[in-house]
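Peer 1: coordinates only, sequence not included:
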């Protein structure tokens, strides 16, 4: 079957459906979104992280992210964005 694509902000994502069986024996289908690219513009990287582009620039200036130069434009790499997200502490608040 050919992959389907969903539009997410400025990024096209392939949509894969995964089927498996859960504990009670019923089929479960999940849609998994995987970024189709490894380098993101400022707007796309901010949207991926769920923050504003200005916050992304502030975090970059503080040394949290190290964008690369792609033909004279800054690009934020998916590995760096994911590394940051994985480093966050779990939420233990009431809401």
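Peer 2: Received it, and whenever you're ready, just let me know what you need. Owing to the predicted nature of the structure, the values given are computational and were not obtained by experimental measurement. Numbers count the residues shown, from 1 in each chain.

Peer 1: In this structure, what residue spans correspond to helices?
Peer 2: Along the chain, the segments classed as helices by DSSP state H run 42-49, 53-61, 78-87.

Peer 1: where do the strands sit along the chain?
Peer 2: Ranges of strands within the chain are 4-8, 11-21, 27-33, 39-40, 68-70, 73-77, based on DSSP state E.

Peer 1: which ones are touching residue 49?
Peer 2: Residues in contact with residue 49 (Cβ atoms under 8 Å, 6 or more residues apart in numbering) are 56, 81, 84, 85. For glycine as for every other residue, the C-beta is placed from the backbone atoms N, C-alpha and C.

Peer 1: From those, list just the buried residues.
Peer 2: Taking 16 or more other Cβ atoms under 10 Å as the criterion, what is buried in those is 56, 81.

Peer 1: now the contacts of residue 49 as a markdown table including pLDDT?
Peer 2: Listed next are the contacts of residue 49 as a markdown table, based on pLDDT from 0 to 100:
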| residue | pLDDT |
| --- | --- |
| 56 | 98 |
| 81 | 95 |
| 84 | 96 |
| 85 | 94 |
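
Peer 1: which of the contacts of residue 49 lies closest to residue 75?
Peer 2: Taking Cβ to Cβ as the measure, residue 75 lies nearest residue 81 of these, at 11.0 Å.

Peer 1: Residue 59 versus that closest one, what's the distance?
Peer 2: 11 Å (Cβ to Cβ, to the nearest Å).
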